[in-house]
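Peer 1: heads up, no residue letters with this:
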């Protein structure tokens, strides 16, 4: 792999270049000319045949226009990063961090690299309920409609998939498993839960949910759709919506159509048209006479059978619905059972066209699913009356009908789960014959659904994880092993934060010209990824440390002062809080994302340790056996806008299997020891 590393003379860029070379990659370094000391950072690789050096200025388009030719991966470290300097003179930061990024993006747009790195989820057997049925993650497409809960109204809505995220994962998953719940999600997954007492919805990470004694899952408060009292049914005419929907529900369970042709002797010898015209007397009455030469006639029969016994609890309602729809019917009883018998070409055509021919092809007409939940309730009642076992479960052999029924159950405010069973060619439920070797039982319920702590466990998992970015509501209906849930997604240069941590979706609120220039560069990169399909990944990190760090950065300054037993300068009261990450962990994360990251995404690269600045200084004093004292400096004028606390969450990256290799204790000691042995680094 051929990697372009901009800012290769810099602290992080040089560490990354050395690591990439050690792993066998080709590296093209790009940087402005620098002093000999900065060049020492890459002295160990300059003679390596896999390394090429190009000198130039990122802010000069003439220097950057051709640098991406033949490059597989671009890693852009080129940036000015001294906060104090940016406060005194912001312009160089705008030129380097914004203009330089723009020039590099233009070159990338021209040469199409495989990756451009600008320095929340389900397991693979979970499926999504779309308006076209259940789909696995690799069957989903951008623009597919999924069922999503509006957390403000509690209503189900159909929302487009805006983005599909699929990643390799090797780590822990949270497994929720009981007789009513089956979910496996990453620890940072956004769970949509219900406050049982306030009847409201709240969101939290799965890791936190797993610690609750009991957690309740939400269900919808209905669905807003078409609300017409009368419906025009093609070939049938205008009918009451509730009656039509109930009859369709009945048909989907226990009706079938039968078309038959039969050859009989033609007594008149005429076709139908001629018979109606010629075989009448003077008064218009039909007379029997043979005046044609057609020997046989074809009789066509259009029949509909409703297999509901007379003693069934829904039989009376079905008969009344047929009467209200103006459908003529009769009773029939024979060896195959008791039927309601209808002869009608128009109704047979309607059922075959709208509901599917044959039990394996049955479906709820798509246009019917767009009606209000109060009308969908009639379909539900018809289906449960016809093929509902003790009104507890619904049985069907049609996968499409299974999914359609689950959809309307969710839209009318029910929890639902399914099971699959294999039977003989025929089986009987409550005296009714059900055909099909494979069938599905759907169990709808109005009862609250919950999971207890004792039914939650952490399981190791290695495989694909996936998630969706869904428009507006940030949740969708997911199915795993037959259990359906409404659950969230995990799609997500910040200002100060006093509690918690910034996620990749936290709003940008930069507090100084340096961070503002970096935030602007990130936005520019995201716009190029969206507009020009550049396979770009953005990483955001915390305070890095390690060997070869610039002598004016915090840890080098504190170490140099401690080694000389001089007063150690500390801004403010020393209580500013930062996270710290060893530079090699940062470089390893970027190489990891080149292989496993998802283009268009933002990833935080951070450790789990955060300390007040005064704690770091005291650790350095102890490591160096220094007699230095801390000198507190008023930062109100020197550093206006100094963030009190800065912290980011790297859970999204850790979900891919990455983790730090250096603790602050070991990494800080290693760094201080290097500075002790390399005092030349302090001086020109």
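Peer 2: Looks like it came in fine. Everything numeric here is computed off the predicted structure, so don't read it as measured data.

Peer 1: residue 486: how many residues sit nearby?
Peer 2: 25 (other CB atoms under 10 Å). To be clear about C-beta, it is placed using only N, CA and C from the backbone, and glycine gets the same treatment.

Peer 1: what comes into contact with the host helix or strand of it?
Peer 2: Applying DSSP states H and E as the criterion places residue 486 in strand 483-488. Identification of contacts with strand 483-488 by CB atoms under 8 Å, 6 or more residues apart in numbering yields 129, 147-149, 180-183, 185, 189-192, 203, 217-220, 406, 410, 415-418, 474-479.

Peer 1: let's see 6 Å
Peer 2: Strand 483-488 is contacted from outside by 149, 182-183, 190, 192, 203, 217-218, 416-417, 474-475, 477-478, using CB atoms under 6 Å, 6 or more residues apart in numbering.

Peer 1: do stretch 611-622 as well
Peer 2: Identification of contacts with stretch 611-622 by CB under 6 Å, 6+ apart yields 558, 559, 562, 568, 574, 575, 576, 577, 628.

Peer 1: closest to residue 286 out of those residues?
Peer 2: Within the contacts of stretch 611-622, the smallest distance to residue 286 is 100.5 Å, found for residue 577 (CB to CB).

Peer 1: report the buried residues of the strand ranked longest in the chain.
Peer 2: The strand of greatest length in the chain, counted in residues with DSSP state E as the criterion, is given as strand 156-177. Under the neighbour-count criterion of 16 or more other CB atoms under 10 Å, strand 156-177 has 156-159, 161, 164-165, 167, 169, 171, 173-177 buried.

Peer 1: ok, now stretch 586-604?
Peer 2: For stretch 586-604, a neighbour-count test (16+ other CB under 10 Å) marks 586-594, 597-598, 600-604 as buried.

Peer 1: okay, and residue 469 sits in which element?
Peer 2: With DSSP H and E as criterion, residue 469 is part of strand 456-470.

Peer 1: quick one: the strands in the stretch 451-600 of the chain?
Peer 2: When secondary structure is read from DSSP state E, counting those that start in this stretch, the stretch 451-600 of the chain shows strands at 456-470, 475-480, 483-488, 536-541, 543-545, 568-571, 577-582.

Peer 1: sorry, back to before: pLDDT of the strand holding residue 469, averaged?
Peer 2: The average pLDDT for strand 456-470 rounds to 88.

Peer 1: likewise for stretch 674-684?
Peer 2: Over the span of stretch 674-684, the pLDDT mean works out to 84.

Peer 1: what residues does that stretch touch?
Peer 2: By CB under 6 Å, 6+ apart, the list of residues contacting stretch 674-684 reads 547, 551, 559, 560.

Peer 1: and the longest strand of the chain, how far from the chain's centre?
Peer 2: The chain centroid and the centroid of strand 156-177 are separated by 4 Å, computed with CA atoms, centre = their mean, to the nearest Å.

Peer 1: JSON lines for the strands of the stretch 451-600 of the chain, including distance to residue 450?
Peer 2: Formatted as JSON lines, the entries for the strands of the stretch 451-600 of the chain read as follows, by distance: least, CB to CB, whole Å:
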{"stretch": "strand 456-470", "distance to residue 450": "11"}
{"stretch": "strand 475-480", "distance to residue 450": "17"}
{"stretch": "strand 483-488", "distance to residue 450": "12"}
{"stretch": "strand 536-541", "distance to residue 450": "37"}
{"stretch": "strand 543-545", "distance to residue 450": "43"}
{"stretch": "strand 568-571", "distance to residue 450": "50"}
{"stretch": "strand 577-582", "distance to residue 450": "36"}
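
Peer 1: all the helices of the stretch 251-400 of the chain, residue numbers only.
Peer 2: For the stretch 251-400 of the chain, the helices defined by DSSP state H, counting those that start in this stretch cover 272-278, 315-324, 345-355, 373-387, 399-411.

Peer 1: relative to residue 457, which of those helices is closest?
Peer 2: Taking CB to CB, helix 399-411 is the member of these nearest to residue 457, at 26.8 Å.

Peer 1: next one: whichever helix or strand comes after the closest one to chain centre, how far?
Peer 2: Later in the chain than helix 399-411, the nearest helix or strand by DSSP H and E is strand 415-422. Using CA atoms, centre = their mean, the distance from the centre of strand 415-422 to the centre of the chain it belongs to is 24 Å.

Peer 1: report the contact partners of residue 669.
Peer 2: Shown here is residue 669, whose contacts under the criterion CB under 6 Å, 6+ apart are residue 623.

Peer 1: where does it fall, secondary structure wise?
Peer 2: Secondary structure here is read from DSSP H and E; on that basis residue 669 sits in helix 664-677.

Peer 1: quick one: buried residues of that helix?
Peer 2: When neighbours are counted by 16+ other CB under 10 Å, the buried residues of helix 664-677 are found to be 664, 667, 668, 671, 672, 675.

Peer 1: residue 97: which of those residues is nearest?
Peer 2: Comparing the buried residues of helix 664-677 against residue 97 with CB to CB picks out residue 671 as the nearest, at 26.1 Å.

Peer 1: measure that closest one to residue 555 for me?
Peer 2: Distance from residue 671 to residue 555, counting by CB to CB, to the nearest Å: 7 Å.

Peer 1: which neighbours do those two share?
Peer 2: Counting by CB under 6 Å, 6+ apart, the shared contacts of residue 671 and residue 555 are residue 545.

Peer 1: how many residues are close by residue 678?
Peer 2: For residue 678, the number of neighbouring residues by other CB under 10 Å comes to 12.

Peer 1: surely residue 609 touches residue 665?
Peer 2: No. With contacts counted by CB atoms under 6 Å, residue 609 stays clear of residue 665, the gap being 8.8 Å.

Peer 1: and residue 678, its phi and psi?
Peer 2: Listed backbone geometry of residue 678 is phi -130, psi 60, with angles given as degrees, to the nearest 10.

Peer 1: check residue 372 too.
Peer 2: When read as degrees, to the nearest 10, the backbone of residue 372 gives phi -50, psi 160.

Peer 1: is it true that it touches residue 225?
Peer 2: Yes. The pair formed by residue 372 and residue 225 meets the contact definition of CB under 6 Å, at 4.8 Å.

Peer 1: helices along the stretch 551-684 of the chain, start to end?
Peer 2: For the stretch 551-684 of the chain, the helices defined by DSSP H, counting those that start in this stretch cover 554-563, 583-596, 613-623, 651-654, 664-677.

Peer 1: outline the domain layout of this structure.
Peer 2: Per the record's domain assignment (automatic domain parsing), the chain is made up of the domains 2-119+499-682, 126-222+449-480, 230-412.
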